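Engineer: Below: sequence and its predicted model.
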Amino acid sequence: PVPNLTQVQTDAYERFLQLTKHESGRDATFGLESLLHEIFPIESYDGTMQLEYIAYELEEPRYTPEECRELRLTYARPFRVALRLTYGMPFRIRIKLVRDGVDEIPEEDIYLGDFPIMMGGGEFIVNGAERVIVSQLHRSPGVDFSIPSSEADRPLHSARIIPERGSWIEMSVDKKDRLTMKIDQSTRLAATTFLRCLDESVSSTEAILSLFYHISEVKAADVNEGDWAAESIIDT
């Protein structure tokens, strides 16, 4: 028999929402519950009030899938979050609440929007049209090293730096043993040029060579009158 290929997506979406679990029994380290715990509590600028998260609720959808297709609506559940305003308040506010007959600030359910519902085939109904999730491979951040072969079967080393956020940096050695690099899809440039931009201490050619070679001072021998000694022996 052919396996249910969409079960992976439907099961993952159910685990993300944790609809089958009671509010008190949801895992606070997984899914939508963990996202809300990362956001809350929200504290005021002066630190006198704090908005705490209690639980969330996904109500029954207002329309059926057929009605959403006909009316070009999104098949979704109303998403409400129970919040509580607590923590220390200024003394004058406490006195005013007592005078008004309010002993404490009650909890309140806040409507945050609609949460799309995944149907049995792994699709959503968004604005009356069916949409599906397309899985994509995402390369993990880190550094990759490779040794691709050129036309002459000579190993040419290369490295790729992949950040979690930001531009990719690719460095490689060409046939003339030159180390080049490029950022994203930009034009290749010398790796030493990029190194000069990173730190002022290695902005000169002498400083870059000192990172790879030992530098020693050699006294020039006495030369005959009329001869010239080179001022710099480094080809820049």
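Structural biologist: Structure's in. What do you need?
Engineer: In the record's domain split, what are the boundaries for the protein?
Structural biologist: 7-132, 142-210 (automatic domain parsing).
Engineer: Just put these in JSON lines and tack on distance to Ser216.
Structural biologist: For the C-beta atoms, the positions are set from N, CA and C on the backbone; glycine is no exception. Shown next, in JSON lines, are those (distance: least, Cβ to Cβ, whole Å):
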{"stretch": "domain 7-132", "distance to Ser216": "56"}
{"stretch": "domain 142-210", "distance to Ser216": "11"}
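Engineer: so what's Ser150 scoring on pLDDT?
Structural biologist: For Ser150, the pLDDT comes out at 60.
Engineer: actually Ala55, not the one I wrote
Structural biologist: 92.
Engineer: Where does it sit, in terms of helix or strand?
Structural biologist: strand 50-58 (DSSP states H and E).
Engineer: Quick check: end-to-end length of stretch 126-145?
Structural biologist: 43 Å (Cα to Cα, to the nearest Å).
Engineer: Start at 12, not 1
Structural biologist: Sounds good: first residue 12 from here, last item stretch 137-156.
Engineer: what does it contact?
Structural biologist: 20, 79-85, 127, 133-136, 168-175 (Cβ atoms under 8 Å, 6 or more residues apart in numbering).
Engineer: Report the contact partners of Asp120.
Structural biologist: 68, 91-94.
Engineer: go with 10 Å
Structural biologist: Contacts for Asp120 (Cβ atoms under 10 Å, 6 or more residues apart in numbering) come out as 65-68, 91-94.
Engineer: which residues pair with it across the strands?
Structural biologist: Legend: beta-bridge partners of Asp120 under DSSP bridges are Ala93.
Engineer: How much space separates it from Leu30?
Structural biologist: In this view, Asp120 and Leu30 are 17 Å apart by Cβ to Cβ, to the nearest Å.
Engineer: How about Ser45?
Structural biologist: 15 Å.
Engineer: now the strands for the protein?
Structural biologist: Taking DSSP state E to define them, one finds strands in the chain at 53-54, 61-69, 87-97, 119-127, 134-137, 140-143, 153-157, 169-173, 180-184, 190-194, 200-201.
Engineer: what mean pLDDT would you report for the fifth one?
Structural biologist: Per-residue pLDDT over strand 134-137 has a mean of 94.
Engineer: If you rank every helix and strand of this protein by mean pLDDT, what lands last?
Structural biologist: Here the helix or strand of the chain ranked lowest by mean pLDDT, DSSP states H and E is helix 102-110, holding a mean of 56.
Engineer: now for stretch 155-173, what's the gap between its first and last residues?
Structural biologist: End-to-end distance (Cα to Cα), stretch 155-173: 8 Å.
Engineer: Go through it and flag the buried ones.
Structural biologist: Residues of stretch 155-173 classed as buried: 169, 172 (neighbour count, 16 or more other Cβ atoms under 10 Å).
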